[in-house]
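Enquirer: Next comes the sequence, and after it the predicted model I'd like to discuss.
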Amino acid sequence: QVQLVESGGGLAQAGGSLRLSCAVSGRIPGFFSLGWFRQAPGKEREFVASINWNLERTPYADSVKGRFTITRSARNGANTDLQMDNLQPDDTAVYYCAAAWGTGTFNRSSSFQTWGQGTQVTVSS
């Protein structure tokens, strides 16, 4: 069974930085993308960024472009990081790592089959 575990959440001040990590374990059935989503209190889960299996596609939500950077350990690698710079209070949310099987580029939550438990990020003003 495939599992995803996030780490690195916490508290930051506006303008600060945090780095989230996600590790995938278990029997991985072929090529897959990794993505990050977030959900703030009272809001729907939203896409943040993803990276496809060969590292050539890294779509970002408009709200985080230029501030967040997604990376992956290797082609089809089992680890991904999300570097978050210039954090703002609106970035406060639970951040989820997710895996989408296949060679495509994915940015919809319905495309991701396996999810982590989430890690809290809180940004104070």
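Expert: Everything's here; your move.

Enquirer: Now the residue most central in space within the chain. Nearest residue, chain neighbours left out?
Expert: Closest residue to the average C-alpha location of the chain: W36 at 2.0 Å, with Cα atoms, centre = their mean. Spatial nearest neighbour of W36, excluding adjacent residues (Cβ to Cβ, 6 or more residues apart in numbering): V48 at 4.2 Å. Heads up, the C-betas are built off the backbone N, CA and C, glycines and all.

Enquirer: Make sure the one you found is actually in contact with Q39.
Expert: No. Counting by Cβ atoms under 8 Å, V48 sits too far from Q39 to count as a contact (10.3 Å).

Enquirer: More neighbours: which of those two?
Expert: Neighbour count, other Cβ atoms under 10 Å: between V48 and Q39, V48 has more, with 24 against 15.

Enquirer: give me every residue that touches the more buried one.
Expert: By Cβ atoms under 8 Å, 6 or more residues apart in numbering, the residues touching V48 are 35-38, 60-61, 64, 68, 82, 95.

Enquirer: which of those sit farthest apart?
Expert: Of all pairs drawn from the contacts of V48, the greatest distance, 14.0 Å, lies between Y60 and Y95 (Cβ to Cβ).

Enquirer: More neighbours: those two, which one.
Expert: Set Y60 next to Y95 and count neighbours by other Cβ under 10 Å: Y95 wins out with 23 against 18.

Enquirer: Do you know the pLDDT at that one?
Expert: Note on Y95: pLDDT of 98.

Enquirer: residues contacting the spatially closest residue to it that is not a sequence neighbour?
Expert: Ranked by Cβ to Cβ, 6+ apart and with sequence neighbours excluded, the top spatial neighbour of Y95 is R38, at 4.8 Å. Neighbouring residues of R38 by Cβ under 8 Å, 6+ apart: 45-46, 48, 91, 93-96, 121.

Enquirer: Check the offset of the one helix or strand R38 maps to from the chain's centre.
Expert: Using DSSP states H and E, R38 maps to strand 32-39. Put simply, strand 32-39 sits 4 Å off its chain's centre (Cα atoms, centre = their mean, to the nearest Å).

Enquirer: tell me how far the ends of stretch 45-60 are from each other?
Expert: Distance across stretch 45-60, first residue to last, is 15 Å (Cα to Cα, to the nearest Å).
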